[in-house]
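**Student:** Sequence unavailable; structure follows:
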Ligand code: NDP
């Protein structure tokens, strides 16, 4: 038994992760349900390093040095449970099972408890960066016991992306914390992508600009505060020409966005926690709207009452869109980090939000220059209750707030849907409001359902005897 780490599940992700381990000098045990993938990995990439292929799960487990470290990279869901069930009788106390697939965090919590009962460590880990990241350095978000991280941490940090020499991998927290953080990462990714899409739409409709021209604007933006992987690839995608038609590639792509479900999980969890992640929610619903074919077909008859959009100062408009995009993006991150804080408090995870921003700086889809600023904000104040209220972000967003309002107002006047821009601005105005109209809602609740209310002038819980037969109202 000489392999230092094993990977079972050798489709695109597992294969690349195994190659990444091998390239870093680890002896890697490799296994797949059907042997063909194992054989082709060794045949095609045997030069990457030292692989120990096995046909059976028993041989695979036997080839690993103890404590064994087995990475599962199979289809998330039932396949993961099937592989775990196969592994349990073959493993021994203290061995570490790592699920690197996109598991939903409640499943990870269940599996961790089950494996703990067998004396095994279970590490649910988020891995972001797609195929390319898995091979060349992903962002890695491992949960599980602190003890398992002592064994595993150095290896995972070794193969992770590095930014300024710092690994994009750190211990996240117990049981499901790693997969939870990966889920929120994906939710933020949805928001980021929707905001970019809205900016593109505004530039297209406001300026009548071509995809090529908008691509150049994004390339320019990528030199400043917005510098990020998603802005960079947006510029590349917009510049791309469809080989078949010679038209801009984006202009031939059907306008229906699909999803695999992590955005939905993020929103469902936020509803359970009562955390307003409106940017992520709007982004998720915007994808749903794009795919609402019968509604969209029926909706074409709706009157708009908007005339031709005339913009006199193109440069000023482009700068307004940039500032609105930046401000809305800060809101989406601020909300996502609130969600992490809320779950962490509820489940006793003790997640360091600054460290999460740090490990997202490289390897993953939302990697961006401004994540450094988020890390700094949480270093300044680890208890920060609102990222937007960190002095740096208050100033940055404050500088763009006029532009943000102009853009949302113009979008509304010209009939361009900007759900993420608009809801982010509404959130900003909501959290900064001295007084919200929730007083009226609470008063209504007391009226029809005797739900009581608190007062601004004295402590306690109050109920007013309203006139009329309140008891008949439908609460
Ligand atoms: P798939 O999700 O397509 O899964 C295919 C792999 O699962 C194959 O190795 C297959 O084995 C194995 N498998 C399926 N069912 C079973 C079963 N019942 N028992 C044993 N093995 C089974 O592979 P990917 O590489 O695309 O993704 C792997 C994981 O990584 C998934 O959880 C996915 O969500 C996640 N992922 C993460 C990404 C990221 O950026 N982080 C990107 C893409 C995926 P066989 O060859 O025998 O069929």
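**Tutor:** Good, I have the coordinates. It should be emphasised that the depicted structure is a prediction, and the values quoted were computed from it without experimental measurement.

**Student:** Can you give me the neighbour number for residue 94?
**Tutor:** Other residues near residue 94 number 14, with proximity taken as other Cβ atoms under 10 Å. (Glycine included, C-beta is placed from N, CA and C.)

**Student:** Please name the nearest non-neighbouring residue to the residue of the stretch 351-475 of the chain found nearest the ligand.
**Tutor:** With Cβ to the nearest ligand atom, the shortest gap between the stretch 351-475 of the chain and the ligand falls at residue 365, namely 7.4 Å. In space, not counting the residues next to it along the chain, residue 365 is nearest to residue 189; the distance is 5.1 Å by Cβ to Cβ, 6 or more residues apart in numbering.

**Student:** Can you classify the one you found by secondary structure?
**Tutor:** What DSSP: H, G, I helix; E, B strand; the rest coil gives for residue 189 is helix.

**Student:** any idea how far the residue of the stretch 351-475 of the chain closest to the ligand is from residue 185?
**Tutor:** As judged by Cβ to Cβ, to the nearest Å, residue 365 and residue 185 stand 8 Å apart.

**Student:** which neighbours do those two share?
**Tutor:** Residues touching both residue 365 and residue 185 (Cβ atoms under 8 Å, 6 or more residues apart in numbering) are residue 128.

**Student:** before we move on, the earlier item: spit out the contact partners of the residue nearest to residue 365.
**Tutor:** With contact taken as Cβ under 8 Å, 6+ apart, residue 189 is in contact with 230, 365-366.

**Student:** hey, which strand is longest across this structure?
**Tutor:** Across the chain, the longest stretch assigned as strand under DSSP state E is strand 121-128.

**Student:** ok so, going back, what number of residues are in the vicinity of the residue of the stretch 351-475 of the chain closest to the ligand?
**Tutor:** When neighbours are defined as other Cβ under 10 Å, residue 365 has 21 of them.

**Student:** Confirm it sits in a strand?
**Tutor:** No. Looking at residue 365 with three-state DSSP, it is coil, so not inside a strand.

**Student:** where does the residue in the stretch 101-250 of the chain that the ligand sits nearest to fall, helix, sheet strand or coil?
**Tutor:** As assessed by Cβ to the nearest ligand atom, the ligand sits closest to residue 101 within the stretch 101-250 of the chain, at 2.5 Å. Going by three-state DSSP, the secondary structure assigned to residue 101 is coil.

**Student:** nearest residue to residue 5 other than its sequence neighbours?
**Tutor:** Spatial nearest neighbour of residue 5, chain neighbours left out: residue 69 (4.7 Å); criterion: Cβ to Cβ, 6+ apart.

**Student:** Likewise for residue 317?
**Tutor:** Nearest residue to residue 317, sequence neighbours excluded (Cβ to Cβ, 6+ apart): residue 311, at 4.8 Å.

**Student:** OK, contacts around that neighbour?
**Tutor:** Residues in contact with residue 311, defined by Cβ under 8 Å, 6+ apart, are 206-207, 317.

**Student:** can you check residue 148 too?
**Tutor:** Residues in contact with residue 148, defined by Cβ under 8 Å, 6+ apart, are 96, 121, 123.

**Student:** Please identify the helix or strand for it.
**Tutor:** Residue 148 is part of helix 146-159, with elements assigned from DSSP states H and E.

**Student:** Just confirm yes or no for that helix near the ligand.
**Tutor:** No. For a cut-off given as Cβ under 6 Å from any ligand atom, helix 146-159 has no contacts with the ligand; the smallest distance is 13.8 Å.

**Student:** buried stuff in that helix?
**Tutor:** 148-149, 151-153, 155-159 (16 or more other Cβ atoms under 10 Å).

**Student:** Would you mind naming what in the protein lies close to the ligand?
**Tutor:** So the chain meets the ligand at 9-14, 32-34, 37, 73-76, 79, 82-83, 101-102, 127-130 (Cβ under 6 Å from any ligand atom).

**Student:** Give me the buried subset of those residues.
**Tutor:** Neighbour counting with 16+ other Cβ under 10 Å marks 9-10, 13-14, 32-33, 37, 73-74, 76, 83, 101-102, 127-129 as buried within these.

**Student:** low-scoring pLDDT stretches of the stretch 351-475 of the chain, where are they?
**Tutor:** 468-475 (pLDDT under 70).

**Student:** Tell me, what's the model's pLDDT at the residue nearest to residue 365?
**Tutor:** The pLDDT attached to residue 189 in the predicted structure is 98.

**Student:** and the host helix or strand of residue 441, what does it pack onto?
**Tutor:** For residue 441, the element it lies in under DSSP H and E is helix 438-449. Under the contact definition 3 or more Cβ pairs under 8 Å, 6 or more residues apart in numbering; DSSP states H and E, helix 438-449 sits against no other helix or strand.

**Student:** List the contacts of residue 184.
**Tutor:** For residue 184, the contacting residues are 266, 336, 339-340, taking Cβ under 8 Å, 6+ apart as the criterion.

**Student:** can you pick the most crowded of the residues you listed?
**Tutor:** Taking other Cβ under 10 Å to define a neighbour, the member of the contacts of residue 184 with the most is residue 336, carrying 29 neighbours.

**Student:** what kind of secondary structure is that residue in?
**Tutor:** Secondary structure for residue 336, judged by three-state DSSP, is helix.

**Student:** how close does it sit to the ligand?
**Tutor:** As judged by Cβ to the nearest ligand atom, to the nearest Å, residue 336 and the ligand stand 17 Å apart.

**Student:** What residues does that residue make contact with?
**Tutor:** Contact criterion Cβ under 8 Å, 6+ apart gives 184-185, 187-188, 191, 277, 280 as the residues in contact with residue 336.

**Student:** go on, residue 266?
**Tutor:** Going by Cβ under 8 Å, 6+ apart, residue 266 touches 183-184, 186-187, 190, 277, 280, 284, 339.

**Student:** Please name the nearest non-neighbouring residue to it.
**Tutor:** In this structure, residue 266 finds its nearest non-sequential neighbour in residue 187, 3.1 Å apart by Cβ to Cβ, 6+ apart.

**Student:** cool, and residue 306?
**Tutor:** Setting aside the residues directly before and after it, residue 306 is nearest to residue 415 in space (Cβ to Cβ, 6+ apart), at 4.0 Å.
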